[in-house]
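Enquirer: what's the 3D shape of this:
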Amino acid sequence: MSKASKTDWERLAKMDDQAIDTGDMPELGEDFFRRAELRVPVKQAVTIRLDADVLEWFRGQGTGYQTRINQLLRHYMQAQQSRPPR
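Expert: Numbers count the residues shown, from 1 in each chain. Take a look at the predicted model:
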């Protein structure tokens, strides 16, 4: 189960980079990047039926509309997971 972040992202986004305290975060050295691996989430192709106006609206937002649909579904899923069982 995913936990909600306790970070105040809105406040953080408004701060200048210099105002953010990163003192408790160690620098990432060459060894880290030498061993780092890129892990791309596995996507599964599915067929889904959407209302024509919904699909048209998402497509009208430009490239990446499928990614945005996935992000919205993920947010919904996480919100449901954090709710107490019925």
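Enquirer: drop to CA atoms for contacts and neighbour counts, all remaining ones
Expert: Noted.
Enquirer: gap between the residue nearest to the spatial centre of the chain and residue 25?
Expert: Closest residue to the average C-alpha location of the chain: residue 71 at 6.6 Å, with Cα atoms, centre = their mean. To residue 25, residue 71 is 28 Å away according to Cα to Cα, to the nearest Å.
Enquirer: ok, the residue lying closest to residue 20 once chain neighbours are set aside - how many residues close by?
Expert: Nearest non-adjacent residue to residue 20, counting by Cα to Cα, 6 or more residues apart in numbering: residue 12, 7.8 Å away. As a burial measure, residue 12 scores 12 neighbours (other Cα atoms under 10 Å).
Enquirer: equivalent analysis for residue 79, please.
Expert: 13.
Enquirer: can you check residue 11 too?
Expert: Residue 11 - counted by other Cα under 10 Å - has 8 other residues nearby.
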